[in-house]
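Colleague: Predicted structure and sequence below. I'll ask about it afterward.
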Amino acid sequence: MTFPPPTTTAASNGLAVVEATQLKRLIEIAIQLSSTLELKQLLHLVIHSVVELTETEVASILLMDKQTGELHFVAATNETRVHNVVVPLNSIAGWIVLNGKPLILEDVQSDPRFYAGVDDVIGFRTRSLLGVPLMNKGEVIGVLEAINKHHDKPFSEQDAALLMALASQAAVAIENARLFQQSDLIAEILHEFKTPLMTIIAASEMLQQGRLPEETNRQLIGMVYQESGRLSQMTRDFLDWAHLESGRMHLAQENVEIPPLIGDVIQATQAGAAGMNVTITSALPPDTPPLIGDRERLRQVLLNLVTNAIKYNRRGGQVRITVSQQEQELLLSISDSGHGIPAAHLPHLFERFYRVPGNEGIEGSGLGLSISQKIVQEHGGQIEVRSREGEGSTFTCRLPLPA
Ligand code: ADP
(Lines give C-alpha, C1' and ligand atoms only; values in the text may rest on other atoms or scores of the structure.)
Protein backbone atom coordinates (compact mmCIF):
# COMPACT_ATOMS: atom_id res chain seq x y z
CA MET A 1 0.00 0.00 0.00
CA THR A 2 1.38 3.44 -0.85
CA PHE A 3 0.34 6.71 0.62
CA PRO A 4 0.80 10.24 -0.57
CA PRO A 5 3.09 12.16 1.75
CA PRO A 6 1.34 13.98 4.59
CA THR A 7 0.55 17.64 3.98
CA THR A 8 2.40 18.48 7.17
CA THR A 9 3.89 16.13 9.70
CA ALA A 10 3.99 17.58 13.17
CA ALA A 11 7.57 17.79 14.24
CA SER A 12 7.55 17.44 17.98
CA ASN A 13 9.84 19.61 20.00
CA GLY A 14 8.56 17.85 23.08
CA LEU A 15 6.87 19.78 25.88
CA ALA A 16 9.34 22.69 25.66
CA VAL A 17 6.78 24.57 23.54
CA VAL A 18 3.96 24.11 26.05
CA GLU A 19 2.94 26.88 28.47
CA ALA A 20 3.18 26.25 32.23
CA THR A 21 -0.61 26.52 32.79
CA GLN A 22 -1.24 23.89 30.14
CA LEU A 23 1.44 21.66 31.57
CA LYS A 24 -0.26 21.89 34.95
CA ARG A 25 -3.60 21.00 33.37
CA LEU A 26 -1.98 18.06 31.57
CA ILE A 27 -0.68 16.71 34.88
CA GLU A 28 -4.13 17.05 36.45
CA ILE A 29 -5.65 15.14 33.54
CA ALA A 30 -2.95 12.45 33.76
CA ILE A 31 -3.83 11.92 37.43
CA GLN A 32 -7.53 11.62 36.55
CA LEU A 33 -6.73 9.16 33.75
CA SER A 34 -4.74 6.91 36.02
CA SER A 35 -7.52 6.81 38.60
CA THR A 36 -10.22 5.20 36.47
CA LEU A 37 -10.38 1.64 35.20
CA GLU A 38 -13.80 1.94 33.60
CA LEU A 39 -13.15 2.04 29.85
CA LYS A 40 -16.18 4.08 28.76
CA GLN A 41 -15.56 6.68 31.45
CA LEU A 42 -11.91 6.78 30.48
CA LEU A 43 -12.59 7.32 26.77
CA HIS A 44 -15.04 10.08 27.69
CA LEU A 45 -12.41 11.79 29.84
CA VAL A 46 -9.76 11.49 27.11
CA ILE A 47 -11.80 13.02 24.31
CA HIS A 48 -13.02 15.89 26.46
CA SER A 49 -9.45 16.58 27.53
CA VAL A 50 -8.39 16.68 23.86
CA VAL A 51 -11.03 19.29 23.05
CA GLU A 52 -9.98 21.38 26.04
CA LEU A 53 -6.23 21.20 25.50
CA THR A 54 -6.21 21.72 21.74
CA GLU A 55 -9.19 24.13 21.62
CA THR A 56 -11.06 22.21 18.99
CA GLU A 57 -14.71 21.58 18.17
CA VAL A 58 -14.54 17.82 18.40
CA ALA A 59 -12.26 14.96 19.40
CA SER A 60 -12.41 11.26 18.68
CA ILE A 61 -10.67 8.00 19.49
CA LEU A 62 -10.10 5.02 17.26
CA LEU A 63 -8.80 1.75 18.67
CA MET A 64 -7.20 -1.27 17.03
CA ASP A 65 -8.88 -4.63 17.54
CA LYS A 66 -5.96 -6.93 18.26
CA GLN A 67 -7.82 -10.03 17.12
CA THR A 68 -9.08 -8.79 13.78
CA GLY A 69 -6.44 -6.13 13.07
CA GLU A 70 -9.27 -3.71 12.29
CA LEU A 71 -9.37 -0.07 13.33
CA HIS A 72 -12.61 0.92 15.11
CA PHE A 73 -14.05 4.35 15.67
CA VAL A 74 -14.99 4.09 19.37
CA ALA A 75 -15.80 7.52 20.81
CA ALA A 76 -16.32 11.14 19.82
CA THR A 77 -17.37 14.24 21.74
CA ASN A 78 -20.14 15.09 19.29
CA GLU A 79 -21.65 11.60 19.40
CA THR A 80 -22.87 9.85 22.52
CA ARG A 81 -23.65 6.55 20.77
CA VAL A 82 -20.62 4.41 20.05
CA HIS A 83 -20.84 3.28 16.48
CA ASN A 84 -17.83 1.03 16.25
CA VAL A 85 -17.62 1.87 12.58
CA VAL A 86 -14.65 0.03 11.07
CA VAL A 87 -12.32 2.57 9.51
CA PRO A 88 -10.15 1.28 6.66
CA LEU A 89 -6.37 1.34 7.09
CA ASN A 90 -5.88 3.44 3.97
CA SER A 91 -7.64 6.32 5.75
CA ILE A 92 -5.97 9.22 7.61
CA ALA A 93 -6.28 7.40 10.96
CA GLY A 94 -4.94 4.26 9.25
CA TRP A 95 -1.91 6.24 8.02
CA ILE A 96 -1.20 7.34 11.61
CA VAL A 97 -1.48 3.73 12.84
CA LEU A 98 0.73 2.30 10.11
CA ASN A 99 3.35 5.03 10.37
CA GLY A 100 3.16 5.57 14.14
CA LYS A 101 3.52 9.32 13.54
CA PRO A 102 1.41 12.41 14.25
CA LEU A 103 -0.20 14.24 11.39
CA ILE A 104 -1.63 17.72 10.87
CA LEU A 105 -4.02 18.37 8.00
CA GLU A 106 -5.45 21.83 7.43
CA ASP A 107 -7.83 20.69 4.68
CA VAL A 108 -9.01 17.19 5.40
CA GLN A 109 -11.68 17.07 2.69
CA SER A 110 -9.10 17.43 -0.08
CA ASP A 111 -6.85 14.67 1.30
CA PRO A 112 -7.19 11.46 -0.72
CA ARG A 113 -6.93 9.39 2.47
CA PHE A 114 -10.01 11.04 4.00
CA TYR A 115 -12.60 8.41 4.90
CA ALA A 116 -16.04 10.05 5.01
CA GLY A 117 -17.73 7.01 6.60
CA VAL A 118 -17.85 8.35 10.15
CA ASP A 119 -18.84 11.90 9.12
CA ASP A 120 -21.65 10.44 7.03
CA VAL A 121 -22.99 8.37 9.91
CA ILE A 122 -23.03 11.22 12.42
CA GLY A 123 -23.76 14.08 10.01
CA PHE A 124 -20.60 16.09 10.59
CA ARG A 125 -17.98 17.82 8.46
CA THR A 126 -14.30 17.43 9.33
CA ARG A 127 -12.26 20.44 8.14
CA SER A 128 -8.90 20.35 9.89
CA LEU A 129 -7.33 17.59 11.93
CA LEU A 130 -4.48 16.84 14.26
CA GLY A 131 -4.04 13.11 14.82
CA VAL A 132 -1.53 11.28 16.99
CA PRO A 133 -0.91 7.58 17.56
CA LEU A 134 -1.81 5.98 20.89
CA MET A 135 1.31 3.98 21.71
CA ASN A 136 1.74 1.45 24.44
CA LYS A 137 5.00 -0.49 24.84
CA GLY A 138 6.07 0.40 21.32
CA GLU A 139 2.81 -0.79 19.79
CA VAL A 140 0.19 1.46 18.18
CA ILE A 141 -3.12 0.66 19.88
CA GLY A 142 -5.14 3.43 18.26
CA VAL A 143 -5.40 7.06 17.24
CA LEU A 144 -6.43 10.22 19.03
CA GLU A 145 -7.82 12.98 16.83
CA ALA A 146 -8.49 16.67 17.49
CA ILE A 147 -10.84 17.99 14.83
CA ASN A 148 -11.65 21.52 13.58
CA LYS A 149 -9.57 24.02 15.52
CA HIS A 150 -11.76 26.88 16.80
CA HIS A 151 -12.04 29.93 14.50
CA ASP A 152 -10.37 27.76 11.83
CA LYS A 153 -6.96 28.62 13.21
CA PRO A 154 -4.12 26.34 12.11
CA PHE A 155 -2.93 23.67 14.54
CA SER A 156 0.28 24.69 16.29
CA GLU A 157 3.36 22.79 17.35
CA GLN A 158 2.16 23.32 20.90
CA ASP A 159 -1.13 21.54 20.08
CA ALA A 160 0.81 18.59 18.69
CA ALA A 161 3.10 18.39 21.72
CA LEU A 162 0.15 18.55 24.13
CA LEU A 163 -1.81 15.91 22.24
CA MET A 164 1.17 13.57 22.09
CA ALA A 165 1.76 13.92 25.82
CA LEU A 166 -1.91 13.25 26.48
CA ALA A 167 -1.90 10.28 24.09
CA SER A 168 0.98 8.59 25.87
CA GLN A 169 -0.90 8.82 29.21
CA ALA A 170 -4.19 7.80 27.62
CA ALA A 171 -2.71 4.73 25.89
CA VAL A 172 -1.40 3.29 29.15
CA ALA A 173 -4.69 4.00 30.94
CA ILE A 174 -6.73 2.41 28.11
CA GLU A 175 -4.60 -0.76 28.11
CA ASN A 176 -4.88 -1.02 31.89
CA ALA A 177 -8.66 -0.62 31.75
CA ARG A 178 -8.90 -3.30 29.04
CA LEU A 179 -6.79 -5.74 31.07
CA PHE A 180 -8.75 -5.01 34.22
CA GLN A 181 -12.06 -5.59 32.44
CA GLN A 182 -10.82 -8.93 31.14
CA SER A 183 -9.64 -10.20 34.53
CA ASP A 184 -12.81 -8.99 36.24
CA LEU A 185 -14.92 -10.73 33.66
CA ILE A 186 -13.00 -13.99 33.81
CA ALA A 187 -13.43 -14.11 37.60
CA GLU A 188 -17.15 -13.53 37.18
CA ILE A 189 -17.61 -16.25 34.54
CA LEU A 190 -15.65 -18.79 36.58
CA HIS A 191 -17.81 -17.99 39.58
CA GLU A 192 -21.00 -18.50 37.54
CA PHE A 193 -19.76 -21.76 36.05
CA LYS A 194 -18.87 -23.15 39.47
CA THR A 195 -22.41 -24.04 40.61
CA PRO A 196 -23.40 -26.25 37.64
CA LEU A 197 -19.91 -27.80 37.58
CA MET A 198 -20.08 -28.69 41.28
CA THR A 199 -23.48 -30.33 40.72
CA ILE A 200 -22.14 -32.34 37.79
CA ILE A 201 -19.08 -33.46 39.79
CA ALA A 202 -21.12 -34.43 42.86
CA ALA A 203 -23.73 -36.33 40.82
CA SER A 204 -21.09 -38.20 38.77
CA GLU A 205 -19.21 -39.18 41.91
CA MET A 206 -22.37 -40.67 43.38
CA LEU A 207 -23.13 -42.47 40.12
CA GLN A 208 -19.62 -43.89 40.07
CA GLN A 209 -20.15 -45.59 43.39
CA GLY A 210 -22.72 -47.70 41.55
CA ARG A 211 -24.71 -48.92 44.56
CA LEU A 212 -27.71 -46.61 44.38
CA PRO A 213 -31.33 -47.47 43.66
CA GLU A 214 -32.37 -47.27 40.01
CA GLU A 215 -34.64 -44.27 40.65
CA THR A 216 -31.80 -42.25 42.30
CA ASN A 217 -29.50 -43.10 39.39
CA ARG A 218 -32.10 -41.77 36.97
CA GLN A 219 -32.43 -38.55 38.96
CA LEU A 220 -28.66 -38.07 39.09
CA ILE A 221 -28.30 -38.62 35.34
CA GLY A 222 -31.10 -36.10 34.87
CA MET A 223 -29.17 -33.58 36.97
CA VAL A 224 -25.95 -34.11 35.00
CA TYR A 225 -27.89 -33.67 31.75
CA GLN A 226 -29.68 -30.52 32.94
CA GLU A 227 -26.60 -28.86 34.41
CA SER A 228 -24.41 -29.58 31.35
CA GLY A 229 -27.19 -28.07 29.24
CA ARG A 230 -27.10 -25.01 31.47
CA LEU A 231 -23.32 -24.75 31.14
CA SER A 232 -23.58 -25.03 27.39
CA GLN A 233 -26.28 -22.32 27.24
CA MET A 234 -24.24 -20.07 29.53
CA THR A 235 -21.21 -20.49 27.27
CA ARG A 236 -23.20 -19.67 24.13
CA ASP A 237 -24.95 -16.69 25.73
CA PHE A 238 -21.74 -15.46 27.28
CA LEU A 239 -19.84 -15.54 23.96
CA ASP A 240 -22.70 -13.70 22.35
CA TRP A 241 -22.69 -11.10 25.12
CA ALA A 242 -18.89 -10.71 24.95
CA HIS A 243 -19.11 -10.29 21.18
CA LEU A 244 -21.68 -7.52 21.54
CA GLU A 245 -19.83 -5.87 24.40
CA SER A 246 -16.51 -5.81 22.58
CA GLY A 247 -18.12 -3.74 19.86
CA ARG A 248 -17.04 -6.19 17.18
CA MET A 249 -20.64 -6.97 16.35
CA HIS A 250 -21.67 -5.25 13.16
CA LEU A 251 -25.38 -4.47 13.11
CA ALA A 252 -27.14 -4.52 9.75
CA GLN A 253 -29.05 -1.40 8.73
CA GLU A 254 -32.05 -2.89 6.98
CA ASN A 255 -35.77 -2.24 6.76
CA VAL A 256 -37.41 -4.30 9.47
CA GLU A 257 -41.14 -4.88 8.97
CA ILE A 258 -42.75 -5.45 12.36
CA PRO A 259 -45.82 -7.67 11.63
CA PRO A 260 -43.85 -10.53 9.99
CA LEU A 261 -41.17 -10.25 12.70
CA ILE A 262 -43.75 -10.73 15.44
CA GLY A 263 -45.48 -13.51 13.48
CA ASP A 264 -42.15 -15.26 13.22
CA VAL A 265 -41.43 -14.90 16.97
CA ILE A 266 -44.90 -16.24 17.90
CA GLN A 267 -44.37 -19.23 15.64
CA ALA A 268 -40.94 -19.95 17.10
CA THR A 269 -42.23 -19.84 20.70
CA GLN A 270 -45.49 -21.70 20.08
CA ALA A 271 -44.22 -25.13 21.15
CA GLY A 272 -42.80 -23.78 24.46
CA ALA A 273 -46.08 -21.94 25.10
CA ALA A 274 -48.12 -25.06 24.41
CA GLY A 275 -45.95 -26.97 26.92
CA MET A 276 -47.03 -24.47 29.61
CA ASN A 277 -50.56 -24.18 28.24
CA VAL A 278 -49.87 -20.46 27.73
CA THR A 279 -51.77 -18.49 25.07
CA ILE A 280 -49.95 -15.82 23.03
CA THR A 281 -51.96 -12.98 21.49
CA SER A 282 -50.85 -9.87 19.65
CA ALA A 283 -52.26 -6.44 18.77
CA LEU A 284 -50.64 -4.48 15.98
CA PRO A 285 -51.92 -1.25 14.43
CA PRO A 286 -52.48 -1.83 10.71
CA ASP A 287 -50.05 0.90 9.65
CA THR A 288 -47.05 -0.04 11.84
CA PRO A 289 -44.04 1.67 10.25
CA PRO A 290 -40.84 -0.35 9.68
CA LEU A 291 -37.73 0.13 11.80
CA ILE A 292 -34.22 0.49 10.48
CA GLY A 293 -31.92 -2.03 12.10
CA ASP A 294 -30.69 -5.57 12.29
CA ARG A 295 -33.63 -7.93 11.78
CA GLU A 296 -31.91 -11.01 13.20
CA ARG A 297 -30.77 -9.19 16.33
CA LEU A 298 -34.20 -7.59 16.90
CA ARG A 299 -35.76 -11.03 16.46
CA GLN A 300 -33.37 -12.32 19.14
CA VAL A 301 -34.57 -9.61 21.56
CA LEU A 302 -38.26 -10.37 21.01
CA LEU A 303 -37.60 -14.10 21.16
CA ASN A 304 -35.90 -13.68 24.51
CA LEU A 305 -38.66 -11.47 25.96
CA VAL A 306 -41.46 -13.76 24.74
CA THR A 307 -39.61 -16.89 25.94
CA ASN A 308 -39.19 -15.28 29.39
CA ALA A 309 -42.87 -14.29 29.42
CA ILE A 310 -43.70 -17.98 28.85
CA LYS A 311 -41.06 -19.49 31.17
CA TYR A 312 -41.87 -17.26 34.11
CA ASN A 313 -45.64 -17.52 33.60
CA ARG A 314 -48.12 -19.74 35.39
CA ARG A 315 -49.63 -22.78 33.67
CA GLY A 316 -52.55 -21.72 31.51
CA GLY A 317 -51.38 -18.06 31.58
CA GLN A 318 -51.38 -15.34 28.89
CA VAL A 319 -48.72 -13.50 26.90
CA ARG A 320 -49.72 -10.38 24.99
CA ILE A 321 -47.57 -8.62 22.41
CA THR A 322 -48.60 -5.05 21.59
CA VAL A 323 -47.14 -2.47 19.26
CA SER A 324 -47.76 1.27 19.41
CA GLN A 325 -46.19 4.46 18.19
CA GLN A 326 -45.28 7.39 20.43
CA GLU A 327 -44.00 10.35 18.45
CA GLN A 328 -40.76 9.15 16.80
CA GLU A 329 -40.59 5.89 18.78
CA LEU A 330 -42.01 2.46 18.23
CA LEU A 331 -43.01 0.65 21.43
CA LEU A 332 -42.98 -3.15 21.40
CA SER A 333 -44.46 -4.51 24.64
CA ILE A 334 -44.58 -8.07 25.92
CA SER A 335 -46.91 -8.57 28.90
CA ASP A 336 -47.40 -11.76 30.85
CA SER A 337 -49.74 -13.01 33.56
CA GLY A 338 -46.88 -14.56 35.55
CA HIS A 339 -45.89 -14.19 39.18
CA GLY A 340 -44.26 -10.82 38.58
CA ILE A 341 -40.94 -9.56 39.88
CA PRO A 342 -40.48 -8.13 43.40
CA ALA A 343 -39.64 -4.40 43.20
CA ALA A 344 -36.29 -4.88 44.94
CA HIS A 345 -35.06 -7.02 42.04
CA LEU A 346 -36.19 -4.78 39.19
CA PRO A 347 -33.07 -2.55 39.15
CA HIS A 348 -30.82 -5.59 38.76
CA LEU A 349 -32.65 -7.51 36.03
CA PHE A 350 -30.41 -6.32 33.19
CA GLU A 351 -27.15 -7.09 34.98
CA ARG A 352 -25.30 -10.03 33.49
CA PHE A 353 -25.96 -13.37 35.21
CA TYR A 354 -28.65 -11.83 37.44
CA ARG A 355 -31.54 -14.18 38.19
CA VAL A 356 -34.36 -13.48 40.63
CA PRO A 357 -33.95 -15.88 43.57
CA GLY A 358 -36.50 -18.65 43.45
CA ASN A 359 -36.21 -19.13 39.68
CA GLU A 360 -33.24 -21.50 39.85
CA GLY A 361 -35.40 -24.46 38.80
CA ILE A 362 -36.27 -22.70 35.51
CA GLU A 363 -33.75 -23.06 32.72
CA GLY A 364 -31.73 -19.91 32.06
CA SER A 365 -28.33 -18.25 32.10
CA GLY A 366 -29.22 -14.81 33.45
CA LEU A 367 -27.73 -13.26 30.32
CA GLY A 368 -30.78 -12.96 28.06
CA LEU A 369 -31.87 -9.56 29.31
CA SER A 370 -28.37 -8.04 29.30
CA ILE A 371 -27.90 -9.23 25.70
CA SER A 372 -31.33 -7.86 24.73
CA GLN A 373 -30.69 -4.53 26.37
CA LYS A 374 -27.34 -4.21 24.63
CA ILE A 375 -28.92 -4.91 21.22
CA VAL A 376 -31.74 -2.42 21.81
CA GLN A 377 -29.27 0.23 23.00
CA GLU A 378 -27.13 -0.36 19.90
CA HIS A 379 -30.28 0.48 17.94
CA GLY A 380 -30.57 3.76 19.87
CA GLY A 381 -33.42 2.47 22.08
CA GLN A 382 -34.16 1.28 25.62
CA ILE A 383 -35.93 -1.62 27.34
CA GLU A 384 -38.21 -0.78 30.25
CA VAL A 385 -39.86 -3.12 32.71
CA ARG A 386 -42.95 -2.79 34.86
CA SER A 387 -44.07 -5.55 37.14
CA ARG A 388 -46.60 -6.24 39.89
CA GLU A 389 -46.10 -9.17 42.16
CA GLY A 390 -48.84 -11.75 41.68
CA GLU A 391 -50.11 -10.05 38.50
CA GLY A 392 -47.36 -10.19 35.89
CA SER A 393 -44.74 -8.16 34.08
CA THR A 394 -44.46 -5.99 30.98
CA PHE A 395 -41.19 -5.49 29.13
CA THR A 396 -41.25 -2.63 26.60
CA CYS A 397 -38.66 -1.96 23.90
CA ARG A 398 -38.62 1.69 22.83
CA LEU A 399 -36.95 1.96 19.44
CA PRO A 400 -36.42 5.14 17.41
CA LEU A 401 -38.20 5.34 14.09
CA PRO A 402 -36.31 6.66 11.07
CA ALA A 403 -36.75 10.39 10.63
P1 ADP B 1 -32.68 -16.12 32.19
O2 ADP B 1 -31.80 -16.87 31.26
O3 ADP B 1 -32.46 -16.43 33.63
O4 ADP B 1 -34.12 -16.17 31.80
P5 ADP B 1 -32.72 -13.25 31.65
O6 ADP B 1 -31.56 -12.32 31.62
O7 ADP B 1 -33.54 -13.37 30.41
O8 ADP B 1 -32.12 -14.63 32.08
O9 ADP B 1 -33.64 -12.81 32.84
C10 ADP B 1 -33.06 -12.50 34.09
C11 ADP B 1 -34.00 -12.83 35.22
O12 ADP B 1 -35.11 -11.93 35.20
C13 ADP B 1 -34.63 -14.20 35.12
O14 ADP B 1 -33.80 -15.18 35.70
C15 ADP B 1 -35.91 -14.03 35.90
O16 ADP B 1 -35.65 -14.20 37.27
C17 ADP B 1 -36.30 -12.58 35.66
N18 ADP B 1 -37.32 -12.46 34.60
C19 ADP B 1 -37.09 -12.17 33.30
N20 ADP B 1 -38.25 -12.09 32.62
C21 ADP B 1 -39.24 -12.31 33.52
C22 ADP B 1 -40.68 -12.35 33.44
N23 ADP B 1 -41.32 -12.13 32.29
N24 ADP B 1 -41.36 -12.61 34.59
C25 ADP B 1 -40.72 -12.80 35.76
N26 ADP B 1 -39.36 -12.79 35.90
C27 ADP B 1 -38.63 -12.53 34.79
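Modeller: All right, it came through fine.
Colleague: Show the average pLDDT along stretch 64-79.
Modeller: In this model, stretch 64-79 has an average pLDDT of 87.
Colleague: Could you do stretch 322-338 as well?
Modeller: Mean pLDDT, computed over stretch 322-338, is 96.
Colleague: now do stretch 258-272
Modeller: 96.
Colleague: Return the helix or strand in the protein with minimum mean pLDDT.
Modeller: Least confident helix or strand, the chain: helix 117-122 with a mean of 75, by mean pLDDT, DSSP states H and E.
Colleague: neighbouring contacts of that helix?
Modeller: By C-beta atoms under 8 Å, 6 or more residues apart in numbering, the residues outside helix 117-122 that reach it are 60, 73, 76, 78-79, 83, 85, 87, 124-126. All C-beta spots, glycine's among them, are computed from the backbone N, C-alpha and C.
Colleague: Of those residues, which are in range of the ligand?
Modeller: With C-beta under 6 Å from any ligand atom as the criterion, these include none near the ligand.
Colleague: And for residue 280, the neighbour number?
Modeller: Applying other C-beta atoms under 10 Å, we find 22 residues neighbouring residue 280.
Colleague: Can you give me the distance of it to residue 319?
Modeller: Distance of residue 280 to residue 319, given as C-beta to C-beta, to the nearest Å: 5 Å.
Colleague: can you list residues touching both of the two?
Modeller: 273, 306, 310.
Colleague: Turn these into TSV, including distance to residue 99 and neighbour count.
Modeller: Putting the shared contacts of residue 280 and residue 319 into TSV (distance: C-beta to C-beta, whole Å; neighbours: other C-beta atoms under 10 Å) gives the following:
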residue	distance to residue 99	neighbour count
273	59	21
306	51	25
310	56	22
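Colleague: Considering the residues you listed, which is situated nearest to residue 100?
Modeller: residue 306 (50.5 Å; C-beta to C-beta).
Colleague: What sits closest to residue 70 if chain neighbours are left out?
Modeller: residue 86 (5.0 Å; C-beta to C-beta, 6 or more residues apart in numbering).
Colleague: got a list of what that neighbour touches?
Modeller: 70-73, 250.
Colleague: ditto for residue 328
Modeller: Applying C-beta under 8 Å, 6+ apart, the residues near residue 328 are 400-401, 403.
Colleague: tell me the SS of the spatially most central residue of the chain?
Modeller: Nearest to the mean C-alpha position of the chain, counting by C-alpha atoms, centre = their mean, stands residue 245 at 3.8 Å. At residue 245 the chain is in helix, as set by DSSP: H, G, I helix; E, B strand; the rest coil.
Colleague: pretty sure it contacts residue 374?
Modeller: Yes. The criterion here is C-beta atoms under 8 Å, and residue 245 meets it with residue 374 at 6.8 Å.
Colleague: could you pull out the strands for the chain?
Modeller: Under the criterion DSSP state E, the chain contains strands at 56-64, 71-76, 86-87, 103-105, 129-136, 139-149, 254-256, 279-283, 291-293, 318-326, 329-336, 382-388, 392-400.
Colleague: For the first one, enumerate the helices and strands it packs against.
Modeller: Taking 3 or more C-beta pairs under 8 Å, 6 or more residues apart in numbering; DSSP states H and E as contact, the helices and strands that strand 56-64 lies on are helix 39-54, strand 71-76, helix 92-99, strand 129-136, strand 139-149.
Colleague: Least confident of those, on average?
Modeller: Mean pLDDT is lowest for strand 71-76 out of the helices and strands packed on strand 56-64, coming in at a mean of 91.
Colleague: quick one: the closest residue to residue 281 other than its chain neighbours and the ligand, what's the gap?
Modeller: In this structure, residue 281 finds its nearest non-sequential neighbour in residue 320, 5.3 Å apart by C-beta to C-beta, 6+ apart. Residue 320 sits 12 Å away from the ligand, taking C-beta to the nearest ligand atom, to the nearest Å as the criterion.
Colleague: right, and residue 320 touches residue 282 too?
Modeller: Yes. Residue 320 lies in contact with residue 282 (C-beta under 8 Å); the separation is 7.1 Å.
Colleague: What is the burial count for residue 177?
Modeller: The number of residues packed near residue 177 is 19, by other C-beta under 10 Å.
Colleague: ok, now which ones touch it?
Modeller: By C-beta under 8 Å, 6+ apart, residue 177 lies in contact with 36-39, 42.
Colleague: Buried among these? Make that a ChimeraX selection.
Modeller: A single ChimeraX command selects the buried members of the contacts of residue 177 (16 or more other C-beta atoms under 10 Å):
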select :39,42
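Colleague: For burial, what's the neighbour tally of residue 305?
Modeller: Residue 305 has 28 nearby residues by other C-beta under 10 Å.
Colleague: for residue 143, that is, sorry about that
Modeller: Neighbours of residue 143 (other C-beta under 10 Å): 27.
Colleague: Just give me the neighbour total for the nearest residue to residue 305 once chain neighbours are set aside.
Modeller: Nearest non-adjacent residue to residue 305, counting by C-beta to C-beta, 6+ apart: residue 334, 4.4 Å away. By other C-beta under 10 Å, the residues close to residue 334 number 26.
Colleague: just residue 315 next, same as before
Modeller: The number of residues packed near residue 315 is 8, by other C-beta under 10 Å.
Colleague: shouldn't it be in contact with residue 277?
Modeller: Yes. Using C-beta under 8 Å, residue 315 makes contact with residue 277 at a distance of 5.3 Å.
Colleague: Between the two, which contacts overlap?
Modeller: The contact sets of residue 315 and residue 277 do not overlap (C-beta under 8 Å, 6+ apart).
Colleague: Tell me the residues of this structure that contact the ligand?
Modeller: 304, 308-309, 312, 336, 338, 341, 349, 354-356, 359, 364-369, 393.
Colleague: buried subset of the residues you listed?
Modeller: The neighbour count (16+ other C-beta under 10 Å) marks 304, 308-309, 312, 336, 338, 341, 349, 355-356, 364-369, 393 as buried among the residues of the chain next to the ligand.
Colleague: ok, so of the contacts of helix 117-122, who is nearest residue 15?
Modeller: Nearest to residue 15 out of these is residue 60 (C-beta to C-beta; 23.4 Å).
Colleague: pLDDT score assigned to that closest one?
Modeller: So, for residue 60, pLDDT stands at 94.
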